[in-house]
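1. Any chance you can model this:
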Amino acid sequence: MKLKSLQQQDRDHHLHPFTDHLQLSEKGTRVITKGKGVYIWDSEGHQILDAMSGLWCVNLGYGREELTQAAYKQMQELPYYNNFFQCTHPPAIELSSKLGAISPADLNHVFFTGSGSEANDTVVRMVRHYWQLLGQPEKQIILSRKNAYHGSTVAAASLGGMSGMHEQGGLPIPNIHHISQPYWFEEGGDNDPDAFGLEVAQELEHAINHYGVDNIAGFIAEPIQGAGGVIIPPESYWPAIQNIIDEHKILLIVDEVITGFGRLGQWFATDVYQIRPDLIPFAKGVTSGYLPLGGVLVNDKVTDVISKGGEFVHGFTYSGHPAACAVALENLEIIERENILELVKNKTAPYLEERWKKLSDHPLIGEARIKGLVAAIEISNNKETRGRFSSDISAGSICRDIAISNGLVMRAVGDTMIIAPPLIISESEIDELIDKTTKTLDETNRHISSL
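-> Reported below is the predicted structural model:
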């Protein structure tokens, strides 16, 4: 079909997520028609390097025949059955066992969902139910962070700390409170990064004391804040958080929807940061995005209480969908067979880091930061003061649109440009990514200077 016809049908019938529809109607949608490896193509035939892995999820890249065949084979045998009413099926059994084997420490159990948002809704229900079973029903409060993203359903968006989401729909729901984020570039002032990390971590201690530990169910956080702008915490932050959790004996929920399954060169970022979570919500990379699947990894301590407490009145029609589980199993097998974790940890992530950090020399960039295969650059009008352009310039949006015209997907979070390329990206493709980023920054700088 012709692009104009597709755009008109889209305009007439399709309500997009996270979209200003008036603006979209004026501009017209970009129609993506195929993908292969780290590249996508639009309906006009333009090849684009997808440095965002779709939405942080296409870890093995596009066009993996093994994953499509796994779905096809399972759909022929058993396309669907539920896990309600004391039933299950082999893919859910095998995947739960596999996830227990690769997960950190004693996270040996999994509750399946259809997405990361559903996983975090499950977290809210599960942690409150856990304390109720222990005879402490007053432990209802879940602490989170400002500018965190944990999904867009009512409970998940409440856990998240994005003010724009909270302004719509009467959020957050009760008993969810937010503390500061460890965002040194934006909020660190004159502090040394590690001193700033410790200062922000202490806000968790203050919040526990303010609300009372007898009322606190747990603390949820992303190892690295993804949608908030790839906010990589100072090295001092997570050890201090873990110490506070241990001292007060509240539950720690580490949201690995983005960082799980190899993004930092290990199965989970909790291994990288040596965090000891009680629950890990996951999704995205577990299937490389080929089919929707999410879940919550749960440790033995929490599982022992939940499993002896009668019926947990919670679940989803597509919890542990057999085709999605089959794809996830094949996806994890490929990661192991092709040594993807070692590739990321020892080769491609260090290579990208070396090249990415040099972008901080660009006159437009105030900071270039990276951890594994997730990275950000901060557009700034003053490197020394870490200053920002005025809001009417929309430097990030300008940069994003120029990047697309140069055949590169980067995401703009305000004036922060972020990437999370497929884990199978090669060194030559990293070179292409950096070259296109540099070209985009040069053109963005000229464009802003002309305003």
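2. from here on, contacts and neighbour counts on C-alpha atoms
-> Will do.
3. which residue packs closest to residue 205, ignoring adjacent ones?
-> Closest residue in space to residue 205, ignoring its immediate chain neighbours: residue 244 at 6.4 Å, by C-alpha to C-alpha, 6 or more residues apart in numbering.
4. sec struct for that neighbour, please.
-> Of the three states, residue 244 takes helix under DSSP: H, G, I helix; E, B strand; the rest coil.
5. For stretch 115-132, which outside residues touch it?
-> 112-113, 137-140, 142, 150-153, 155-156, 217-218, 251, 257, 279, 281-284, 292-296, 302, 305-306, 314 (C-alpha atoms under 8 Å, 6 or more residues apart in numbering).
6. quick check: mean pLDDT across it?
-> Mean pLDDT, stretch 115-132: 98.
7. same question for stretch 289-299, mean pLDDT?
-> Here stretch 289-299 scores 98 as its mean pLDDT.
8. Sketch out the low-pLDDT regions of this protein for me.
-> Within the chain, the stretches with pLDDT under 70 are 1.
9. could you say what helices and strands the longest helix along it packs with?
-> The longest helix of the chain (DSSP state H) is helix 427-449. Judged by 3 or more C-alpha pairs under 8 Å, 6 or more residues apart in numbering; DSSP states H and E, helix 427-449 is in contact with helix 349-357, helix 395-405, strand 408-409.
10. for the ones you listed, which one ends up most surrounded?
-> Most buried of the helices and strands packed on helix 427-449 by mean neighbour count (mean count of other C-alpha atoms under 10 Å) is strand 408-409; its value is a mean of 26.
11. Name the strands paired with that one and say parallel or antiparallel.
-> strand 47-50 (parallel) (DSSP bridges).
12. continuing past the strand it pairs with, what's the next helix or strand?
-> helix 53-56 (DSSP states H and E).
13. list the buried ones in that following helix?
-> Across helix 53-56, burial judged by 16 or more other C-alpha atoms under 10 Å covers 53-56.
14. Of all the helices and strands packed on helix 427-449, which one is nearest residue 178?
-> helix 395-405 (26.3 Å; C-alpha to C-alpha).
15. In contact with the residue nearest to residue 312 when sequence neighbours are not counted, which residues?
-> If the residues on either side of it in the chain are set aside, residue 312 comes closest to residue 306, at 7.4 Å by C-alpha to C-alpha, 6+ apart. By C-alpha under 8 Å, 6+ apart, the contact list for residue 306 reads 129-130, 133, 312.
16. so how far is whichever strand or helix holds residue 128 off the chain centroid?
-> For residue 128, the host element (DSSP H and E) is helix 116-133. The chain centroid and the centroid of helix 116-133 are separated by 19 Å under C-alpha atoms, centre = their mean, to the nearest Å.
17. Give me the distance between the helix or strand just after that helix and the centre of its chain.
-> The C-terminal neighbour of helix 116-133 among helices and strands, as given by DSSP H and E, is strand 141-145. How far strand 141-145 lies from its chain's middle: 18 Å, per C-alpha atoms, centre = their mean.
18. ranges for the strands of the stretch 51-200 of the chain?
-> Counting by DSSP state E, counting those that start in this stretch, one finds strands in the stretch 51-200 of the chain at the ranges 109-113, 141-145, 176-179.
19. Turn the ones you listed into CSV, including distance to residue 44 and mean neighbour count.
-> Formatted as CSV, the strands of the stretch 51-200 of the chain follow (distance: least, C-alpha to C-alpha, whole Å; neighbours: other C-alpha atoms under 10 Å):
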stretch, distance to residue 44, mean neighbour count
strand 109-113, 36, 23
strand 141-145, 41, 24
strand 176-179, 44, 20
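20. Determine which of the helices and strands packed on helix 427-449 approaches residue 318 most closely.
-> The nearest among the helices and strands packed on helix 427-449, by C-alpha to C-alpha, is strand 408-409 at 31.1 Å.
21. Surely residue 294 touches residue 96?
-> No - contact criterion C-alpha atoms under 8 Å: residue 294 and residue 96 do not qualify, at 11.7 Å.
22. the more surrounded of the two?
-> residue 294 (29 against 21; other C-alpha atoms under 10 Å).
23. and the longest helix of the chain, which residues are buried?
-> 429-430, 433-434, 436-438, 440-441, 443-445.
24. residues making contact with stretch 193-213?
-> If you take C-alpha under 8 Å, 6+ apart as the criterion, stretch 193-213 is touched by 139, 143, 179-182, 184, 188, 216, 233-238, 240-241, 244, 248, 250.
25. how about a cut-off of 6 Å?
-> Contacting residues not belonging to stretch 193-213 are listed as 182, 234, 236-237, 241 [C-alpha atoms under 6 Å, 6 or more residues apart in numbering].
26. got it, and stretch 55-75?
-> The contact list for stretch 55-75, computed with C-alpha under 6 Å, 6+ apart, reads 35-38, 284-285, 288-289, 323, 326-327, 422-424.
27. May I see the buried residues of it?
-> So stretch 55-75, judged by 16+ other C-alpha under 10 Å, has buried residues 55-62, 64, 67-68, 70-71, 74.
28. From those, which land in helices?
-> Among the buried residues of stretch 55-75, the ones falling in helices (DSSP H) are 55-56, 67-68, 70-71, 74.
29. The contacts of stretch 115-132 in helices, which ones?
-> 155-156, 302, 305-306.
30. Assign a three-state SS to residue 378, would you?
-> Of the three states, residue 378 takes strand under three-state DSSP.
31. Neighbours of the residue lying closest to it once chain neighbours are set aside, how many?
-> Among residues not flanking residue 378 along the chain, residue 416 sits closest, at 4.7 Å (C-alpha to C-alpha, 6+ apart). Neighbour count for residue 416, taken as other C-alpha under 10 Å: 25.
32. buried stuff in stretch 381-399?
-> For stretch 381-399, the neighbour count (16+ other C-alpha under 10 Å) marks 381, 383, 386, 388, 395-399 as buried.
33. now stretch 159-170
-> If you call a residue buried by 16+ other C-alpha under 10 Å, then stretch 159-170 has these buried ones: 159-162, 165-166.
34. now that stretch, how far from the chain's geometric center?
-> Distance, stretch centre to chain centre, for stretch 159-170: 17 Å (C-alpha atoms, centre = their mean).
35. domain assignment for the chain?
-> Domains of the chain are assigned by automatic domain parsing as 31-63+339-449, 66-337.
36. can those go into CSV with extra columns for distance to residue 2?
-> Output for the domains of the chain, formatted as CSV (distance: least, C-alpha to C-alpha, whole Å):
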stretch, distance to residue 2
domain 31-63+339-449, 8
domain 66-337, 26
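37. returning to that earlier point: please pick the buried ones from the contacts of stretch 115-132.
-> 112-113, 139-140, 142, 150-152, 155-156, 217-218, 251, 257, 279, 281-284, 292-296, 302, 306.
38. Now residue 322. Its backbone dihedrals?
-> Main-chain dihedrals, residue 322, degrees, to the nearest 10: phi -60, psi -40.
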